[in-house]
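S.K.: Can you look at this prediction? I've put the sequence above it.
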Amino acid sequence: MTIADDSDARRPVSAPPGDALASLMGLMDQVKDVSRRYYALTGKPLGVTGEVAEYEAARLLRLQLSPAREPGYDALTTHSPRVEKLQIKGRAVEPSKRYVGRVPKIRLEPRFDAALLVLLDRNTMEALEIWRAAYADIKRRLTEPGSKSRNERLSMGINQFRSIAQLVWSA
C-alpha cells in the first residue's frame, strides 16, 4: 500500500484493485474503535498497537508496507532516491505523559536503515508523533554498557529513543 498527498493523507497515490484501500481504511477505523472501547472497559490494551502504528506511519509518511512477517523491516520508503528499510514500533500513551514508558523491542538483525516510533493516543488510537532514528544510532544505544534492559532485552525508554531520533511528524 502506498499512500500520499499532503493535502489529504488518506487519499492513495495508487490504490489497490477495487475498493481494497477504502476497505482497509474502514477496517482500521473499526480496529481503533474496538481498541478504544476494550481499553475503556478493561484498562488493558487490546494488542493491536503495532498494526495501528504501521498503518498510521504508512498513511502519514507515505510509506509502502512490506508483506507480513518480513524479516527486519515493516515498510519501505518510496520518496527517497534510495529505498530504505524501516522498522516500525508503536506505543499507545496518555497524551499528557507521552514520553513515559518503553519502546517495544528493536531487533538489530536482519539489518534495517532506520526505526520509526509511532506514539498513539491511548484514548483515540490516533497518531500523536512519529520519531525516526538511524540504525547506527539505535545499535550504539542498545549495545552501550550499563543497562540490562537495553543490552539483553533490546529495549530503551521513549525518552532515550527521542534523544537519538528526529521528530518527523506531529499532530
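M.R.: All right, it came through fine. Numbers count the residues shown, from 1 in each chain.

S.K.: phi, psi of Pro95?
M.R.: Pro95 adopts backbone torsions of phi -60, psi -40, taken as degrees, to the nearest 10.

S.K.: how many neighbours does it have?
M.R.: Neighbour count of Pro95, defined by other CB atoms under 10 Å: 15. C-beta: built from backbone N, CA, C; applies to glycine.

S.K.: Do I have it right that it meets Ala127?
M.R.: No. Pro95 is not in contact with Ala127 according to CB atoms under 8 Å; the separation is 11.3 Å.

S.K.: For those two, list the residues in contact with both.
M.R.: Counting by CB atoms under 8 Å, 6 or more residues apart in numbering, the shared contacts of Pro95 and Ala127 are Asp121.

S.K.: show me where this structure has strands.
M.R.: Taking DSSP state E as the test, the strands found in the chain are 2-3, 12-14, 63-65, 75-77, 85-93, 114-121, 127-134, 166-170.

S.K.: Serialize those to JSON lines and add fields for distance to Tyr99.
M.R.: Shown next, in JSON lines, are these (distance: least, CB to CB, whole Å):
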{"stretch": "strand 2-3", "distance to Tyr99": "27"}
{"stretch": "strand 12-14", "distance to Tyr99": "32"}
{"stretch": "strand 63-65", "distance to Tyr99": "24"}
{"stretch": "strand 75-77", "distance to Tyr99": "24"}
{"stretch": "strand 85-93", "distance to Tyr99": "8"}
{"stretch": "strand 114-121", "distance to Tyr99": "8"}
{"stretch": "strand 127-134", "distance to Tyr99": "9"}
{"stretch": "strand 166-170", "distance to Tyr99": "12"}
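
S.K.: rank those strands by pLDDT, which is bottom?
M.R.: The minimum mean pLDDT among the strands of the chain belongs to strand 12-14 (a mean of 33).

S.K.: Next, find the distance separating Arg91 from Met25.
M.R.: Arg91 sits at a distance of 22 Å from Met25 (criterion: CB to CB, to the nearest Å).

S.K.: Over to Asp113?
M.R.: 27 Å.

S.K.: can you pull out the helices in this structure?
M.R.: Along the chain, counting by DSSP state H, helices occupy 20-42, 49-61, 135-143, 148-151, 158-163.

S.K.: Many thanks, we can stop here.
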